[in-house]
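Engineer: have a look; sequence and predicted model below, questions after that.
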Amino acid sequence: MYNNLSNLILMGGRNTRMNGFNKGFLTVDQTTFVDSIASKLAVIAPVYVSVNSLATNLAYNLIEDEYKNIGPIGGIYSGLKQLETEYVFVTACDMPLVSAQVAQLLYDAITPAAPAVVFQDNSRRLYPLGAIYSKRLLPAIEKQIAAKNYRLYSLFSDATIVDLPDAQVASLTNINTPADLQKFIASR
């Protein structure tokens, strides 16, 4: 277990592409996505779930979004602000294949100077979810929110970029739509 790391599962989205159904409650092999993700990540650090409202029946430590309906940046901001650890591994509730190994690869790449550690794939695409954020980003995130700039990529100018191993690409796959879900189930 890492003592200066927490895990944060973002679950506060509107789920419009899933016809309003909360993606964290989708199931595979009789397990919800959020339960599957949490069980895998709990081996390296405590797990917290970011939600729009605390009025939910989740059996996890919940963090309510201070800024609602602004996307992942709102959950990341609330998590960084409320959690005591310096670093937070942030993933989304629609990434059921995410693993502790992915978080460990990023954790091992942390440097004192970098406020974030993020993967890039062979095509140089960055993965802002499935990344580690530092509390040092709080002032930058506050400025972005005030400017209504909710793009996570804007936070990566000083980030440590880690090449995503081919064997881990699938672990950062999002299940966004009913078609994605059917494809995911068919592949298992």
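Structural biologist: Received, thanks.

Engineer: next up, identify which helix or strand the most centrally placed residue in the chain is on.
Structural biologist: The residue lying closest to the centre of the chain (Cα atoms, centre = their mean) is Thr91, at 1.7 Å. Assigned by DSSP states H and E, Thr91 falls within strand 87-92.

Engineer: what sits against Gly79?
Structural biologist: Residues near Gly79 by Cβ atoms under 8 Å, 6 or more residues apart in numbering: Ser6, Leu8, Tyr48, Ser50, Ile63, Val88, Val90. (Glycine included, C-beta is placed from N, CA and C.)

Engineer: where do the helices sit along the protein?
Structural biologist: Secondary structure of the chain, counting by DSSP state H: helices at 33-41, 72-82, 100-107, 138-146, 178-186.

Engineer: in the contacts of Gly79, which residue is surrounded by the most others?
Structural biologist: Compared across the contacts of Gly79, Leu8 has the highest neighbour count, 28 neighbours, by other Cβ atoms under 10 Å.

Engineer: isn't it right up against Pro72?
Structural biologist: No - Leu8 is beyond contact range of Pro72, at 10.1 Å (criterion: Cβ atoms under 8 Å).

Engineer: show me where this protein has its strands.
Structural biologist: 5-10, 27-28, 31-32, 47-51, 61-64, 87-92, 116-120, 126-134, 160-163 (DSSP state E).

Engineer: excluding its backbone neighbours, what's nearest Ile161?
Structural biologist: Spatial nearest neighbour of Ile161, chain neighbours left out: Gln120 (5.2 Å); criterion: Cβ to Cβ, 6 or more residues apart in numbering.

Engineer: run a quick neighbour tally on the one you found.
Structural biologist: Neighbours around Gln120, by other Cβ under 10 Å: 15.

Engineer: tell me what it is bridged to.
Structural biologist: Under DSSP bridges, the beta-bridge partners of Gln120 are Leu126, Asp163.

Engineer: for burial, what's the neighbour tally of Leu62?
Structural biologist: 16.

Engineer: again with Gln182
Structural biologist: 11.

Engineer: residue ranges in the protein under the pLDDT threshold?
Structural biologist: Along the chain, the model assigns pLDDT under 70 to residues 14-15, 17-18, 20, 55.

Engineer: repeat the analysis, applying 90 as the threshold.
Structural biologist: 1-3, 12-29, 52-59, 112-114, 166-167, 176-178, 181-182, 184-188 (pLDDT under 90).

Engineer: quick one, what contacts the nearest residue to Leu26 once chain neighbours are set aside?
Structural biologist: Distances taken as Cβ to Cβ, 6+ apart put Phe33 closest to Leu26, at 5.0 Å, once the chain neighbours are dropped. When contacts are counted by Cβ under 8 Å, 6+ apart, Phe33 is found next to Lys23, Gly24, Phe25, Leu26, Thr27, Cys93, Asp94, Met95, Pro96, Ile175.

Engineer: same question, Tyr133
Structural biologist: Counting by Cβ under 8 Å, 6+ apart, Tyr133 touches Ile76, Leu80, Tyr87, Val88, Val90, Pro115, Ala116, Leu155.
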